[in-house]
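Asks: Sequence unavailable; structure follows:
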């Protein structure tokens, strides 16, 4: 059910809304979609919630579960992105084989550009840390730490 | 010497104070993209340290890199905007992919192009043909022909044609007779045209074509109605019958009325009076003083006109519509 008809705005408000969604030379911050998969564990929902809280201004949280697999079928994602005018997505799910699975991805022109699948090993909520918390996105500095695994090297458990 | 002392004192002060120094030493320089507020640290990780105190190691690492980033931010020129010190970030070095395609420019609309407005007709109109100072002679046209005159003539003919159509429409609506245009001159007359012209020419004599000679191989059609008279003598019976009929008609008291003709005349009269009435009261909205016309001959389901003929008086018995 892709939106195929050319919708002509009848009101000024509608016209402004559609102009806001049009392509611009200087783009503003990208909107992110937070989607939950068929089965979710508490950890992964908390992860999604916290990230959503950090990116509150430009994000959409889907409350219901969406049963689909991002790596197999991307049509749902593309439909959602068109509906909400988003270009980033975070898909959280939980299964026996892939526990606490998080898929991060981005879209270009409402089509999936690239995706990365990560698993949450240990989650510590920001409320467990000491100090005051601000939800303004300018004040958060995410710190990504990773190691390249080489042969013969003991990977960190 | 003095520097050394200073250093030692500084370090001692540091140990006492809660905060660490803003200077951070790194083996490999951290790649900082200030535009994106991104710091990429390529230094290799000490495995022993991480195994020993994982949380502390991560915390120190984060703190050091953040410090380097903030140092870089403070190096940029600052501005004070309403009691807040701000810094304008430069363009990012790392290019992130766009969200949507690059917009195509929209073609300029009629209003976008700055053009002076000109009326469509009348004085100083746009596309005025009469103001052409140069007209190209087409290939198939006669070189000696006056193109300006040709255009003028064509314009006049168009106007005349329009006028004729208009008058014809009026005549048709009023059911008055229109004088025929007759045969207009044409460059290439058809057979029908020629025959019509021929018959017209035959008739156009003083004696209305009675004595015009025929052309070779021409067959004249019968013209005129021949009056037929009965003989003066002969059938007495029919003659007496006819004469008595005439007498009866004269002496009878019944009026010879053609009902349909009378009705049509009446309707026509009513219509005329109604139109006159409507014209005089067309713009006034005060409907109280005026009498609405008696009959409404509009076609419709609810507008049935009922007549009651009594002594030749027509009385309206349908719904009255206030117009």
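Replies: Sure, I can see it. Computed from a predicted structure; not experimentally measured.
Asks: Whether stretch B:93-113 contacts chain A - can you check?
Replies: Yes - applying C-beta under 8 Å from any C-beta of the partner chain, one finds stretch B:93-113 in contact with chain A at B:97, B:98, B:99, B:100, B:101, B:102, B:103. Where C-beta positions appear, they are placed from N, C-alpha and C, glycine not excepted.
Asks: Of all the residues in that stretch, which ones are buried?
Replies: Residues B:98, B:99, B:100 are the ones in stretch B:93-113 that count as buried (16 or more other C-beta atoms under 10 Å in any protein chain shown).
Asks: quick one on the thing from earlier: which of the residues of stretch B:93-113 next to chain A lies closest to residue B:81?
Replies: Closest approach between the residues of stretch B:93-113 next to chain A and residue B:81, by C-beta to C-beta: residue B:99, at 28.5 Å.
Asks: Cross-check the contact I'm expecting between the closest one and residue A:81.
Replies: No - Residue B:99 is not in contact with residue A:81 according to C-beta atoms under 8 Å; the separation is 9.7 Å.
Asks: Overlap of the contact sets of those two?
Replies: Counting by C-beta atoms under 8 Å, 6 or more residues apart in numbering or on different chains, the common neighbours of residue B:99 and residue A:81 are A:87, A:107.
Asks: ok but residue A:35 is inside a strand, no?
Replies: Yes - counting by DSSP: H, G, I helix; E, B strand; the rest coil, residue A:35 is part of a strand.
Asks: Can you name the residues that contact the residue of the stretch 101-250 of chain B at minimum distance from chain A?
Replies: Of all residues in the stretch 101-250 of chain B, residue B:103 sits closest to chain A, at 4.3 Å by C-beta to the nearest C-beta. For residue B:103, the contacting residues are A:22, A:23, A:24, A:25, by C-beta under 8 Å, 6+ apart.
Asks: what about residue B:246, helix or strand, and which?
Replies: Using DSSP states H and E, residue B:246 maps to helix B:236-251.
Asks: So for the following helix or strand past that helix, what gets flagged as buried?
Replies: Counting by DSSP H and E, the next helix or strand C-terminal to helix B:236-251 is helix B:259-280. The neighbour-count criterion (16+ other C-beta under 10 Å) identifies residue B:274 as the buried residues of helix B:259-280.
Asks: quick check: mean pLDDT across helix B:259-280?
Replies: Helix B:259-280 carries an average pLDDT of 90.
Asks: what do you get for stretch B:238-252?
Replies: Taken as a whole, stretch B:238-252 carries a mean pLDDT of 92.
Asks: ok, now stretch B:139-150?
Replies: 88.
Asks: So for that stretch, first residue to last residue, what's the gap.
Replies: 15 Å (C-alpha to C-alpha, to the nearest Å).
Asks: Residues in contact with that stretch: which ones?
Replies: B:132, B:135, B:137.
Asks: how about 7 Å then?
Replies: Stretch B:139-150 has contacts (C-beta atoms under 7 Å, 6 or more residues apart in numbering or on different chains) with B:135, B:137.
Asks: What are the boundaries of the strands in the stretch 51-200 of chain B?
Replies: Under the criterion DSSP state E, counting those that start in this stretch, strands of the stretch 51-200 of chain B are mapped to B:78-81, B:84-87.
Asks: Can I get those strands in TSV including mean neighbour count and mean pLDDT?
Replies: Output for those, formatted as TSV (neighbours: other C-beta atoms under 10 Å in any protein chain shown; pLDDT from 0 to 100):
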stretch	mean neighbour count	mean pLDDT
strand B:78-81	10	89
strand B:84-87	10	88
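Asks: Residue B:180 is nearest to which of those strands?
Replies: Closest approach to residue B:180 among the strands of the stretch 51-200 of chain B (C-beta to C-beta): strand B:78-81, 89.6 Å.
Asks: For residue B:220, grab the count of nearby residues.
Replies: Using other C-beta atoms under 10 Å in any protein chain shown, the number of residues around residue B:220 comes to 12.
Asks: Then residue A:58?
Replies: Residue A:58 has 13 nearby residues by other C-beta under 10 Å.
Asks: Now do it, the pLDDT please.
Replies: Looking at residue A:58, its pLDDT reads 87.
Asks: go on, residue A:62?
Replies: In this model, residue A:62 is scored at 93, pLDDT.
Asks: And the top helix by length along chain A, what's buried?
Replies: Counting by DSSP state H, the longest helix found in chain A is helix A:42-54. For helix A:42-54, a neighbour-count test (16+ other C-beta under 10 Å) marks A:43, A:44, A:46, A:47, A:48, A:51, A:52, A:54 as buried.
Asks: ok, residues contacting that helix?
Replies: By C-beta under 7 Å, 6+ apart, helix A:42-54 touches A:34, A:36, A:59, A:61, A:90, A:92-94, A:100, A:102, A:120, A:123, A:125-126, A:135, A:137, A:140.
Asks: Kindly recompute the last result at 8 Å.
Replies: With contact meaning C-beta under 8 Å, 6+ apart, helix A:42-54 is reached by A:34, A:36, A:59, A:61, A:90, A:92-94, A:100-102, A:120, A:123, A:125-126, A:135, A:137, A:140.
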